[in-house]
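Chemist: Provided below for reference: sequence and predicted model.
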Amino acid sequence: MATELLYLRDAYLRTFTARVTDARDGGVALDRTAFYPTGGGQPHDTGTLAGLRVVEVRKGEGDVVWHALGGDGPRPAVDEEVEGSVDWSRRHALMRTHSALHVLCGVIWNEWGKAVTGGNMEELAARMDFEFDPLPEGFATRVEQLVNAELAAARPIEVSFLPRDEALADDALIRTKVNLIPESVTEIRVVDIVGLDKQADGGTHVRSTDEVGRIKVVKTESKGKGNKRIRLEVVDG
Ligand SMILES: [Zn+2]
């Protein structure tokens with residue numbers, strides 16, 4: 001049975017109860033979880049489960065979420081009810097970072113018409129690659145200004161669930177490659193930074209762009225033809 005992903009509808013949920021559905025190699029699978037498993041460029045959460053440290057979270061076969069547990073304490077058994085608590089400092093930093101990257105995508109599309117080709121994030125630091133060739137003159141300063149203006153504008157960030165055919169009829173979602181999502185997925189989760197950027201996305205985000213703070217572009221580099229990398233940090237506003 002697939003694990004119910006509580007963070008998809010409520011990214012601010014920090015504690016929850018769940019039932020252990022499977023146990024293996026010192027880790028457990030749950031019927032539902034607020035822990036984000038590594039994926040979509042966003043690293044996994046940490047925290048505690050049944051009083052034990054959660055050291056890694058990943059999605060396994062059948063969309064079951066596995067929680068690797070640290071320490072030597074006794075593991076919860078299958079069918080046991082457990083309490084989970086997400087390390088909020090790490091998660092909220094990742095939410096701020098993830099939302100900052102979507103703002104960056106929206107700004108770069110609106111200003112330069114370039115699409116993203118890849119990316120990765122850590123707590124309050126990230127890199128993202130775009131189809132520039134070459135980067136425009138004065139790019140780092142300009143993009144930092146534009147992104148910080150959008151963050152300060154306190155744009156709402158809304159999460160919704162659309163039937164697949166509706167999502168495929170949305171130009172903004174097509175631009176961000178919603179058509180590449182497997183056909184077996186009938187309901188598409190959409191993260192909408194209202195008026196700026198709309199993407200099919202499974203990550204956790206803050207509610208408003210001003211909750212991100214500001215960004216600093218730390219470096220730009222070429223990763224080959226038509227592929228330029230931007231490294232950034234997220235700092236308090
Ligand atoms: Zn995303």
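Modeler: In hand now; what should we look at? All of these numbers come straight from a predicted model, not from anything done at the bench. Residues are numbered from 1 along each chain as shown.
Chemist: Can you get me a residue count around A169?
Modeler: As a burial measure, A169 scores 12 neighbours (other CB atoms under 10 Å). C-beta here means a position set from N, CA and C on the backbone, and glycine is covered the same way.
Chemist: actually R91, sorry about that
Modeler: When neighbours are defined as other CB under 10 Å, R91 has 25 of them.
Chemist: The ion contacts on the protein?
Modeler: Contacts of the chain with the ion, taken as CB under 5 Å from the ion, map to 201, 203.
Chemist: so where's the longest helix in the chain?
Modeler: As assigned by DSSP state H, the longest helix anywhere in the chain is helix 88-112.
Chemist: List phi and psi for E150.
Modeler: Backbone torsions for E150, taken as degrees, to the nearest 10, come to phi -70, psi -40.
Chemist: That one: what's it in contact with?
Modeler: Neighbour list for E150: 103, 106-107, 196, 209 [criterion: CB atoms under 8 Å, 6 or more residues apart in numbering].
Chemist: Surely R91 is in contact with T204?
Modeler: Yes: R91 lies in contact with T204 (CB atoms under 8 Å); the separation is 6.9 Å.
Chemist: For the two, list the residues in contact with both.
Modeler: Y36.
Chemist: pLDDT on stretch 227-234, on average?
Modeler: Stretch 227-234 carries an average pLDDT of 97.
Chemist: same deal with stretch 99-115?
Modeler: Averaged across stretch 99-115, the pLDDT comes to 97.
Chemist: wait, doesn't T204 sit right on M95?
Modeler: Yes: using CB under 8 Å, T204 is in contact with M95, at 4.9 Å.
Chemist: what residues do the two have in common as contacts?
Modeler: What both T204 and M95 touch, as defined by CB under 8 Å, 6+ apart, is the set A11.
Chemist: Report all helices and strands that the longest helix of the chain contacts.
Modeler: strand 116-122, strand 125-130, helix 139-152, strand 187-193, strand 197-200, strand 228-235 (3 or more CB pairs under 8 Å, 6 or more residues apart in numbering; DSSP states H and E).
Chemist: which of the residues in it are buried?
Modeler: Within helix 88-112, the residues that count as buried by 16 or more other CB atoms under 10 Å are 90-109, 112.
Chemist: Low-confidence bits of this structure, can you list those?
Modeler: For the chain, applying pLDDT under 70 flags no range at all.
Chemist: repeat that with 90
Modeler: Across the chain, the ranges flagged by pLDDT under 90 are 1, 25-26, 72-73, 171-172, 174-185, 237.
Chemist: Isn't L52 up against L69?
Modeler: Yes: contact criterion CB under 8 Å: L52 and L69 qualify, at 4.4 Å.
Chemist: joint contacts of the two?
Modeler: Shared contacts of L52 and L69, defined by CB under 8 Å, 6+ apart, are found at R75.
Chemist: The closest residue to R127 other than its chain neighbours: what's it in contact with?
Modeler: Leaving aside its chain neighbours, R127 sits nearest to R231 (4.8 Å; criterion: CB to CB, 6 or more residues apart in numbering). Each residue near R231 by CB under 8 Å, 6+ apart is listed here: 125-127, 217-221.
Chemist: Look up how far F35 lies from V65.
Modeler: V65 is 7 Å from F35, where distance means CB to CB, to the nearest Å.
Chemist: and for those two, which residues touch both?
Modeler: Common contacts of V65 and F35, defined by CB under 8 Å, 6+ apart, comprise V57.
Chemist: more crowded one of the two?
Modeler: Set V65 next to F35 and count neighbours by other CB under 10 Å: F35 wins out with 28 against 24.
Chemist: Provide the backbone phi and psi angles at that one.
Modeler: phi -80, psi 130.
Chemist: Same question for K59.
Modeler: According to degrees, to the nearest 10, K59 has phi -90, psi 130.
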